[in-house]
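Participant: This is a predicted model, with the sequence first.
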Amino acid sequence: MSLSLLRTDLSSKVVTPRAPLAITLDFSVDAPIAFDLNVSIAIVHAESGALVGCYYLSAGGWDVSWLPQGTYRLQATETRSALPEGSYTANLSLFHHDNSAVLDVRTASLPFTVKKSDARSPSVHFVWDLQSRQNTPPIETLSWRRGEGDWFSKHFDFEVRTIAGYLLKNSPLLKGKVLNAGCGDGTTDFGIALRLRPQEMVGIDPFRGFERLPDILKQCNFPITQLPENLRFLPASANEIPFPDDYFDVVMSWGLLEHIAGGYHQALKEMRRVLKPDGLLLVCPGLFYSDIGNHLGEFRFAREEPYVHLKHSREWLREKILSSQPDYIDRCGDNASSEQYWQWFTELNPITVPEFEKQLRDLDFEPWRVILRTHDHVEYTPELQKYSFVDLLAGELYVSAYNRKKQGSGIRD
């Protein structure tokens, strides 16, 4: 069991305009970690049994991605109530999700009475507050609570949830063997291994950023610092993946293909080779002609001038990059030099949506889910006239596709 209800209480069993409904729930996480925790409060009219409404912690601004082992107090206080006089019951449910399944539902019922109300139709609005208790780490220190700019949260929470639920629709193939080509520091792979528990999770990256993962976990005060048994990393390139044909059920690559110096077609062929027939490929390639396609968003000059990399010469860009100090985003202590940014920019592959689609189809990939995020508009200055509407407006591309190659056709070229 992962969750335990310790105590539930009402501030007053008689609700009036001066004594609003306030519910306190004390609980514990008994496992090392519980993912995607939520609480619901269902208000039911006692006499008729009619449901007034069901209110969720997640809908109240609290996306509790995970909680470490410890004790917690949740308080829900009504701020805008219109319950007619009568008797009611607040039915509480505490639960969490594990690999898309709802687990460990803990329930309690709290009766209360509403008096001195002139309301005609019922409605309730709760404000929620979650705090840690005793020796449990403060909620404010957890990655998902530190905000969208937190590097660990972006990859461990957002990226893993996006991959599993949004892009791959919790495919059962995620329970098999999964490869992440270009895994970086391995945070995403660590999240997949813990949340989805595939048979095998492998991350490859020739630059060995994954060697920093144990330090990142300690730095983030994460409750688990040992790599799970189903996770391993290899210092290998996507151009030559060190696995046999038809080995993986899922191969993914998030933000890698645009960075492979000299082109990415060989990497796509390798992904096809090691992916089983009817396995799933997930790719999110950076689109060069997008406003964000230059990967220079940490430089002020690039943020201030849309499509700056398409409007100026390479010489101008080089001088601006080398003479500017980037406004580093949180990378868990890993900051690059201006010289490295310039090198990365010169290595970018000019990927476009039509060309990329053709290459996937030529390799027997059958699109399954495709998401294309576009920019709001393009201000066509003289320097941009030579570029197409589609290339400039296409901001981000996410593709999941089935590998429709025939059995035994994944031979190295």
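Facilitator: It's in.
Participant: C-alpha only now, for contacts and for neighbours.
Facilitator: Noted.
Participant: Mind giving me the packing neighbours of the helix or strand of the chain with the lowest mean pLDDT?
Facilitator: Scoring the helices and strands of the chain by mean pLDDT, DSSP states H and E places helix 151-152 at the bottom, with a mean of 88. Helices and strands touching helix 151-152, as assessed by 3 or more C-alpha pairs under 8 Å, 6 or more residues apart in numbering; DSSP states H and E, are absent.
Participant: Quick one: low-confidence residue ranges for the protein.
Facilitator: Applying pLDDT under 70 to the chain picks out residues 1, 80-81, 99-100, 329-333, 408-413.
Participant: So for the residue sitting furthest away from the middle of it, what's the nearest residue that isn't a sequence neighbour?
Facilitator: The C-alpha centroid of the chain is most remote from K116, which lies 46.2 Å away (C-alpha atoms, centre = their mean). Leaving out its chain neighbours, the residue that sits closest to K116 by C-alpha to C-alpha, 6 or more residues apart in numbering is T16, at 5.9 Å.
Participant: Which secondary structure element is home to D215?
Facilitator: Element membership of D215, judged by DSSP states H and E, is helix 213-219.
Participant: Can you name the residues in contact with stretch 90-110?
Facilitator: With contact meaning C-alpha atoms under 8 Å, 6 or more residues apart in numbering, stretch 90-110 is reached by 1-5, 8-10, 34-44, 89, 111-112, 170, 195-197.
Participant: which residues are contacting the helix holding D215?
Facilitator: The list of residues contacting helix 213-219 from outside it, by C-alpha under 8 Å, 6+ apart, reads D185, G186, T187, I224, T225, Q226, C332.
Participant: Can I get that helix in CSV? Just the C-alpha atoms.
Facilitator: Extracted C-alpha coordinates of helix 213-219, given in CSV (Å, rounded to 0.1, in the frame of the first residue of the first chain):
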residue,chain,number,x,y,z
LEU,A,213,22.3,11.9,-13.1
PRO,A,214,23.1,10.7,-9.5
ASP,A,215,24.4,14.2,-8.6
ILE,A,216,21.2,15.7,-10.2
LEU,A,217,19.0,13.5,-8.0
LYS,A,218,20.9,14.5,-4.9
GLN,A,219,20.8,18.1,-5.8
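Participant: before we move on, what SS does I33 have?
Facilitator: Under DSSP: H, G, I helix; E, B strand; the rest coil, I33 falls in the strand class.
Participant: That one and H45, how far apart?
Facilitator: According to C-alpha to C-alpha, to the nearest Å, I33 and H45 sit 36 Å apart.
Participant: And for L142?
Facilitator: L142 is 38 Å from H45, by C-alpha to C-alpha.
Participant: Nearest the middle, which residue of the protein would you pick?
Facilitator: Nearest to the mean C-alpha position of the chain, by C-alpha atoms, centre = their mean, lies F158 at 1.4 Å.
Participant: next one: phi and psi at that residue?
Facilitator: phi -60, psi -50 (degrees, to the nearest 10).
Participant: Likewise for the one 10 residues further on?
Facilitator: Geometry field for L168 lists phi and psi as phi -110, psi 0, criterion degrees, to the nearest 10.
Participant: now it: how far from V283?
Facilitator: 11 Å.
Participant: any common contacting residues for those two?
Facilitator: Overlap of the contact sets of L168 and V283 (by C-alpha under 8 Å, 6+ apart) consists of S400.
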